[in-house]
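Undergrad: Generate coordinates for the sequence data below:
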Amino acid sequence: MRESFFRSMTWLHTWVGLLVCWLLFLIFFAGTASFFRHEISLWAQPATHHLPQYNHAFQQQTVTKSIERFQHIAPTAESWRIELPTERRPSLLLMYSEKPEEGERRGKRHSEYLDPITLDALPEFRDTKGGNFFYRLHFDLHYMNAITARWIVCFATLFMLIALISGVVIHKRIFKDLFQFRSKKGLRSWLDAHNVSSVIALPFHIMITYTGLVTLIFMLLPQPAQQRYEDKRTLRAERYPLLATAPATGLPLQELALNKALDHYYTNSGNAPLRRVVISSPNDASATIKLYANAGRAVQDDPPSWMYNAASGELLKTHNVTLSGAENLYGGMIALHTGRLAEPTLRWLYFIAGLAGCVMIATGAVMWAKRLRQKLKRDEKPGFGLKLVESLNLGTIMGLPAATAAFFYANRLLPTELVARADKEVLVFFIVWAIVAIAACYKSDRLAWQLTAKVNALAWAGLPVVSMLTIEGNLVSYLIHKQWVLFGFDALAIGIAVSFLVQARKLGRSQVTPAAPSRRSQREVKI
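TA: Next up, the predicted model:
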């Protein structure tokens, strides 16, 4: 314990935040992009740009035609899966799994994207991870075991929660800080930026951090589940009862009672549109039909679902149709974290609050380095710790936006026929990030920040141009045809470029040495 509780909390807030701030920046950065992952995937897939808005009234017809196509292309598959179009994903996705070979746990999986109206394969459909890359990156990281990555993310999130709580404790003027920003005041300006970005979205930061821990609660705190269930498989079977399938009998299915199952579903779900249809062991007497509702904007993670006997159309099981209080609470927290319930306006608020979180983390890290450098004597050389923090700051804060722009360039410029093309896009992301990080280790002064800001400005400004030259469509045509997702993407890229250009110009100006701070201001900066 330091000389006072307040000083102890200040020390805790500083070091808990600093130790994991670069990982937290990655998590917040990728998570913020994930709020628009379907929109990013749409931009990354030009074949879907001209698909019309799908009418849910034709769902039953679409499902029937999809089953007919499965009968033609994969009659002996282990399962068929239909992902129906939504407001944010206009294409129809058909997937099927082959029966596993001897010694294999799972069979090969195949997928194809179709026009939901004609069921024609989309031309030049490119292999890309799109927005799902950022979604998986923010909790699975990359190039490592998923369980290990999630443990790392969990500990970083716990540190984030401690930093938020201790930050609230040490803020004596938390409401005043919301409206106070003093520019061109050196370290004071960085503290103001840190305070404003922290306080303005504080409820969101606490919510997103706490619910992030809830999503992995069974990994963090397995003891309650271990007391109730024999193993994870038993827990999973009760948590997701529709995943259980009866073994194939080898007897042929006389007729698929699809229409009977669909009629029952629409009658008992209040005509809720479908999101997914899964048929297990198709053309076998043990086949089942699973129908998953589109939960829409409900504060619910797993959608209501129904399972039917494929031969008779008889209802076998339901899941999440009626929820207990605990299920409502757990599913609601996960839904709040993922933002799946959000309408476009709320999704933008999520995005802006996420950006505020990135600014909060970045300004805290930069402020720590500046404070330490300010304490150096005139002839004193910075130590290894300060150099390391400055390099990590530049490599992470400037490297991630540059890598993201490179990821989008790779989507437009890599040949569509390239083998493992989606993995190559990801590889470009990490190569560019590594280049910026290595350069930051060599030089991380004011000139390096200015140069990387210019590089980011140029990269993001050129993205709409490269997109216009490689595919059909541009900012003007998107506006004329009311393709708001594509227009918004290009407009946001230009906005990001402008913000980096402004930053580069500010960094290029000569820094005015501030007047010696008073004792009171010194105390405020320490806070």
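Undergrad: Now residue 252. Its backbone dihedrals?
TA: Main-chain torsions, residue 252, degrees, to the nearest 10: phi -70, psi 150.
Undergrad: Isn't it up against residue 283?
TA: Yes - in terms of CB atoms under 8 Å, residue 252 counts as a neighbour of residue 283; the distance is 6.5 Å. (Each C-beta comes from the backbone N, C-alpha and C, glycine too.)
Undergrad: So the two - more neighbours on which side?
TA: More crowded of residue 252 and residue 283, by other CB atoms under 10 Å: residue 283, with 19 against 8.
Undergrad: In contact with that one, which residues?
TA: Residues near residue 283 by CB atoms under 8 Å, 6 or more residues apart in numbering: 71, 75-76, 252-253.
Undergrad: per-residue confidence at it?
TA: Here, the pLDDT recorded for residue 283 equals 88.
Undergrad: again with the one 4 residues further on
TA: According to the model's per-residue confidence, residue 287 sits at a pLDDT of 92.
Undergrad: before we move on, what about residue 302?
TA: pLDDT recorded at residue 302 is 83.
Undergrad: what does residue 430 give?
TA: Predicted confidence (pLDDT) at residue 430: the value is 97.
Undergrad: ranges for the strands of the stretch 51-200 of the chain?
TA: Assigned by DSSP state E, counting those that start in this stretch, the stretch 51-200 of the chain shows strands spanning 79-83, 92-97, 109-114.
Undergrad: cool, the stretch 201-350 of the chain as well?
TA: Ranges of strands in the stretch 201-350 of the chain, per DSSP E, counting those that start in this stretch, are 274-280, 288-293, 305-309, 315-319.
Undergrad: Residue 223 versus the residue sitting furthest away from the middle of the chain, what's the distance?
TA: Distance from the C-alpha centroid of the chain peaks at residue 379, with 45.9 Å (CA atoms, centre = their mean). Going from residue 379 to residue 223 by CB to CB, to the nearest Å gives 57 Å.
Undergrad: Residue 335 now?
TA: For residue 335 relative to residue 223 (CB to CB), the value is 25 Å.
Undergrad: Tell me which of those two has more neighbours.
TA: Set residue 335 next to residue 223 and count neighbours by other CB under 10 Å: residue 335 wins out with 20 against 7.
Undergrad: residue contacts, that one?
TA: Contact analysis of residue 335 by CB under 8 Å, 6+ apart lists 298-301, 341.
Undergrad: rerun at 7 Å
TA: With contact taken as CB atoms under 7 Å, 6 or more residues apart in numbering, residue 335 is in contact with 299-301, 341.
Undergrad: and those, which are buried?
TA: Buried by 16 or more other CB atoms under 10 Å: 300-301, 341, out of these.
Undergrad: Which single one of those residues is nearest to residue 477?
TA: residue 341 (31.9 Å; CB to CB).
Undergrad: surely that closest one meets residue 296?
TA: No - between residue 341 and residue 296 there is no contact under CB atoms under 7 Å: 8.0 Å.
Undergrad: Now the phi/psi pair for the residue farthest from the centre of the chain, please.
TA: Torsion angles, degrees, to the nearest 10, at residue 379: phi -100, psi 10.
Undergrad: With residue 54 instead?
TA: Here residue 54 shows phi and psi, under degrees, to the nearest 10, equal to phi -80, psi 140.
Undergrad: What about the residue nearest to it when sequence neighbours are not counted? Give its phi and psi, please.
TA: Once flanking residues are discounted, residue 54 sits nearest to residue 85: 3.9 Å by CB to CB, 6 or more residues apart in numbering. Reported as degrees, to the nearest 10, the phi and psi values for residue 85 are phi -60, psi 150.
Undergrad: same for the helix or strand encompassing residue 8, what does it pack against?
TA: Using DSSP states H and E, residue 8 sits within helix 5-19. Secondary-structure packing of helix 5-19 (3 or more CB pairs under 7 Å, 6 or more residues apart in numbering; DSSP states H and E): helix 146-170, helix 344-374.
Undergrad: Mind putting those helices into CSV with mean neighbour count and mean pLDDT?
TA: Converted to CSV, those look like this (neighbours: other CB atoms under 10 Å; pLDDT from 0 to 100):
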stretch, mean neighbour count, mean pLDDT
helix 146-170, 18, 92
helix 344-374, 19, 92
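Undergrad: what's the closest of these to residue 203?
TA: Proximity to residue 203 (CB to CB) singles out helix 344-374 among these, at 8.7 Å.
Undergrad: and the angle for that closest one with helix 5-19?
TA: Helix 344-374 runs at 100 degrees relative to helix 5-19, counting by axes from the mean of the first three to the mean of the last three CA atoms, to 10 degrees.
Undergrad: other SSEs contacting helix 344-374?
TA: With contacts taken as 3+ CB pairs under 7 Å, 6+ apart, helix 344-374 sits against helix 5-19, helix 21-34, helix 187-200, helix 384-397.
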